[in-house]
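Enquirer: here you go, sequence then predicted model.
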Amino acid sequence: MPALINKQRGVTLVELMIAMLLALMTGAAIMAVFSNSRQNFKQDENTLRMQDDARHAMREIAYDLSMAGHFADLLMPSSVTPDGSLAVATDCGPAGVPDWVYLLRDPGTGENLSLTAVDNATGGAASAAHSCIAGGELVPGTDVVSVKRVAGGASAATSAGQVYLRTNGTVGLLYRDPMGPPAIPVPAPFSEWEYRPRIYYVRNYADSPGDGIPTLCRKFLAAPASMTTECLAVGIENLQIEYGIDTTGNGDANVFLPAPTLAQLQAAVAVRIFLLARTSDPDVQYENDKTYFLSNAPAYSPNDNFHRRVFSMTVGLKNLRSLHQMGT
């Protein structure tokens, strides 16, 4: 009987402690794997969101730029006249130039205003060129670009408060629906095209001033005829554009300029767009020690915990190329 009792004894204290230690080590390893997987998943999601936002922003700005100077049936800007009652509640041009958003030609030089640029803008320079951009909201050293055009297709019906171009392919009338006293008659048959001026810039906040999240935004003309703000992508730190200028008249870009004059933009036939995007949330396990070079912007070495990527695209300006080759 004593021998049988001796065979049924339990584990010793040492064995129990070893078992507990092994269990703790296994649990810690599992928790570490789970934590790393969770962190990797979160960072992958963060990076994918950055890429999706940047690609969406690139598509929007590239499409708008490609449509610069589109006034339906290759209508020349000099053939468009604003009606007598057309006005804007919130304009977005230089001081002393009323209703700039409706001007398709520079009143002093007669140059085409379908595409204008501010290179590596400061807040003051951006506000001087576009009064609806507050100097304190711009990320300094980023580009500002404005595009004037109409929609890609004629409108089936007009909406009150919207601005349209009525054209028969020879003359055009820019007006706000419902139409007031027209400046010129437009003989039938004619079509109506929604007028879509846009101004792109990088704002230094996303939701509220001071949140520190750079965001690509644009000013656009909304009913009832007022420039307002729409933001496209958070995390866009820089926008840089180079303008391909046709210096020989052959229709091709012979030189790309980051800071063209309005006179040089009359011969623009292409643009190169550069966006620097960062993730919304930092990655504490990552240190960004890279240096980024975009066009003529100063070299940028962030030395922080955000992942970044440069996006670029070259876009042809088919409407401006046609106008340039026609000598207008």
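Expert: Sure, I can see it. Numbers count the residues shown, from 1 in each chain.

Enquirer: report the separation between Q266 and Y243.
Expert: Distance, Q266 to Y243, using Cβ to Cβ, to the nearest Å: 11 Å. Where C-beta positions appear, they are placed from N, C-alpha and C, glycine not excepted.

Enquirer: shaky segments in the stretch 1-150 of the chain?
Expert: Residue ranges of the stretch 1-150 of the chain with pLDDT under 70: 1-11, 32-43, 74.

Enquirer: and the strands in it?
Expert: For the stretch 1-150 of the chain, applying DSSP state E, counting those that start in this stretch gives strands covering 80-82, 115-121, 142-147.

Enquirer: include distance to A129 and mean neighbour count when you put those strands into JSON lines, please.
Expert: JSON lines is the format used below for those (distance: least, Cβ to Cβ, whole Å; neighbours: other Cβ atoms under 10 Å):
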{"stretch": "strand 80-82", "distance to A129": "21", "mean neighbour count": "20"}
{"stretch": "strand 115-121", "distance to A129": "5", "mean neighbour count": "22"}
{"stretch": "strand 142-147", "distance to A129": "7", "mean neighbour count": "25"}
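
Enquirer: between Q266 and Y243, who's got more neighbours?
Expert: Neighbours were counted for Q266 and for Y243 using other Cβ atoms under 10 Å; Y243 has more, 25 against 19.

Enquirer: quick check: which element contains the more buried one?
Expert: strand 236-245 (DSSP states H and E).

Enquirer: please name every helix or strand in contact with that strand.
Expert: helix 13-66, strand 115-121, strand 142-147, strand 198-203, strand 215-222, strand 255-257, helix 262-265, strand 268-278 (3 or more Cβ pairs under 8 Å, 6 or more residues apart in numbering; DSSP states H and E).

Enquirer: quick check: buried residues in that strand?
Expert: Residues of strand 236-245 classed as buried: I236, E237, N238, L239, Q240, I241, E242, Y243, G244, I245 (neighbour count, 16 or more other Cβ atoms under 10 Å).

Enquirer: which of these sit farthest apart?
Expert: E237 and I245 (27.0 Å; Cβ to Cβ).

Enquirer: does G172 touch P82 like I think?
Expert: No: applying Cβ atoms under 8 Å as the test, G172 and P82 come out as separate, 9.9 Å apart.

Enquirer: would you confirm that A62 contacts V315?
Expert: Yes: with contact defined as Cβ under 8 Å, A62 reaches V315; the gap is 4.9 Å.

Enquirer: between those two, what contacts are shared?
Expert: Common neighbours of A62 and V315 (criterion: Cβ atoms under 8 Å, 6 or more residues apart in numbering): I273.

Enquirer: okay, those two: which has more neighbours?
Expert: Neighbours were counted for A62 and for V315 using other Cβ under 10 Å; V315 has more, 20 against 15.

Enquirer: contact partners for the more buried one?
Expert: Neighbours of V315 in contact, by Cβ under 8 Å, 6+ apart: A62, L65, S66, A270, V271, R272, I273.

Enquirer: now swap in A267 and tell me
Expert: Contacts of A267 by Cβ under 8 Å, 6+ apart are I245, D246, T247, H324.

Enquirer: that one and K318: what is the separation?
Expert: Distance from A267 to K318, by Cβ to Cβ: 14 Å.

Enquirer: same list, the strands of the stretch 1-150 of the chain, but as a markdown table with distance to S280 please.
Expert: Compiled in a markdown table, these are given as follows (distance: least, Cβ to Cβ, whole Å):
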| stretch | distance to S280 |
| --- | --- |
| strand 80-82 | 42 |
| strand 115-121 | 24 |
| strand 142-147 | 18 |
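
Enquirer: closest to H56 out of the ones you listed?
Expert: Nearest of the strands of the stretch 1-150 of the chain to H56, taken as Cβ to Cβ: strand 142-147 at 17.3 Å.

Enquirer: which residues touch the closest residue to L276 other than its chain neighbours?
Expert: Of all residues not flanking L276 in the chain, N238 sits nearest, at 4.0 Å (Cβ to Cβ, 6 or more residues apart in numbering). Shown in contact with N238 (Cβ under 8 Å, 6+ apart): V139, G141, T142, V202, F274, L275, L276, Y292, L294, A297, Y300.

Enquirer: G153 too?
Expert: So G153 contacts W193 (Cβ under 8 Å, 6+ apart).

Enquirer: pretty sure it sits in a helix.
Expert: No: assigned with DSSP: H, G, I helix; E, B strand; the rest coil, G153 falls outside any helix and is coil.

Enquirer: make residue 1 into 47 and carry on from there
Expert: All set: I'll call the first residue 47, so the last point we hit is now G199.

Enquirer: what distance do you get for it to E238?
Expert: G199 is 11 Å from E238, by Cβ to Cβ.
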